[in-house]
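Q: sequence and predicted structure, then a few things I'm wondering about:
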Amino acid sequence: MLRAYVGCATALFGDVQQADVVKLHKASGKVTFLAYDDFEGKPLPELRFRTKVNLRTRWVQVFDHSAEGQLLYFKERLLAADHPRLAEMQAFSTRVRRLGIPDLGTSGPSLAELARLRERHGVNENLSKRRLSLQVLLNPEPKPVQSADLAMAADERQNHCR
């Protein structure tokens, strides 16, 4: 029955290979095709397009989500049990939960909201703690550059080049 849903929706939608995720809405008779930016490569791919096919009315709607920064969280739920990156995605989702993002399906903060969360928690794009350089550890407050310092640095460069 599910294959029949997808087959009928594909006849209206076109090439199902363009979609990364296919959602079946059995009660409403709808099929949704979701296309993400680099679904295979990114742990949090951004939703680009959503195409909703109503099989009862044969109505097709296309929504452009590219400007919204809507991310796909807990992606491992959509991967096959033998997917080569399943363990990596599960570990990433563990780090997502540590940021306080609730495990409520596949939705969560937008790209901009996640950037603020990452900044607040001091983590990088992989949600791992940022490593501070030795320079930052020794001099946590940057000194304002004085014009005399600039002149001395220019003199040192000139002497080095001679």
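A: Nice, I can see it.

Q: flag the shaky bits of the protein, pLDDT-wise.
A: Scanning the chain for pLDDT under 70 picks out 1-2, 131-162.

Q: over to the residue nearest the centre of it. Which of the three states is it?
A: Central residue check for the chain by C-alpha atoms, centre = their mean: the C-alpha nearest the mean position is that of L44, 2.7 Å away. Using DSSP: H, G, I helix; E, B strand; the rest coil, the structure places L44 in coil.

Q: so where do the strands sit in the chain?
A: Remark: strands assigned in the chain by DSSP state E are 21-25, 30-37, 46-54, 59-64.

Q: just name the most buried of those strands.
A: With neighbours defined by mean count of other C-beta atoms under 10 Å, none of the strands of the chain is more surrounded on average than strand 30-37, at a mean of 21. C-beta: built from backbone N, CA, C; applies to glycine.

Q: who does that strand pair up with?
A: Sheet pairing for strand 30-37, assigned by DSSP bridges, gives strand 21-25 (antiparallel), strand 46-54 (antiparallel).

Q: make a markdown table out of those and add distance to D15.
A: Formatted as a markdown table, the strands paired with strand 30-37 follow (distance: least, C-beta to C-beta, whole Å):
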| stretch | distance to D15 |
| --- | --- |
| strand 21-25 | 12 |
| strand 46-54 | 11 |
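
Q: F13 is nearest to which of the ones you listed?
A: Taking C-beta to C-beta as the measure, the strands paired with strand 30-37 were each checked against F13, and strand 46-54 came out nearest at 5.4 Å.

Q: which residues does the closest one contact?
A: For strand 46-54, contacts defined as C-beta atoms under 8 Å, 6 or more residues apart in numbering pick out 9, 12-13, 19, 28-37, 59-66, 68-72, 111.

Q: now do that strand against strand 59-64, angle only.
A: Orientation of strand 46-54 against strand 59-64 (axes from the mean of the first three to the mean of the last three C-alpha atoms, to 10 degrees) gives an angle of 170 degrees.

Q: and strand 46-54, how far out from the chain's middle?
A: For strand 46-54, the gap between its own C-alpha mean and the chain's C-alpha mean amounts to 16 Å (C-alpha atoms, centre = their mean, to the nearest Å).

Q: only C-alpha atoms, please: export it in PDB.
A: Only the C-alpha atoms of strand 46-54 are listed here, as PDB (Å, rounded to 0.1, in the frame of the first residue of the first chain):
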ATOM      1  CA  GLU A  46      19.100  22.600   5.800                       C
ATOM      2  CA  LEU A  47      15.700  22.100   4.200                       C
ATOM      3  CA  ARG A  48      15.600  23.600   0.700                       C
ATOM      4  CA  PHE A  49      12.300  22.500  -0.800                       C
ATOM      5  CA  ARG A  50       9.200  20.700   0.300                       C
ATOM      6  CA  THR A  51       6.800  19.300  -2.200                       C
ATOM      7  CA  LYS A  52       3.400  18.200  -1.000                       C
ATOM      8  CA  VAL A  53       1.300  16.000  -3.200                       C
ATOM      9  CA  ASN A  54      -2.400  15.500  -2.300                       C
END
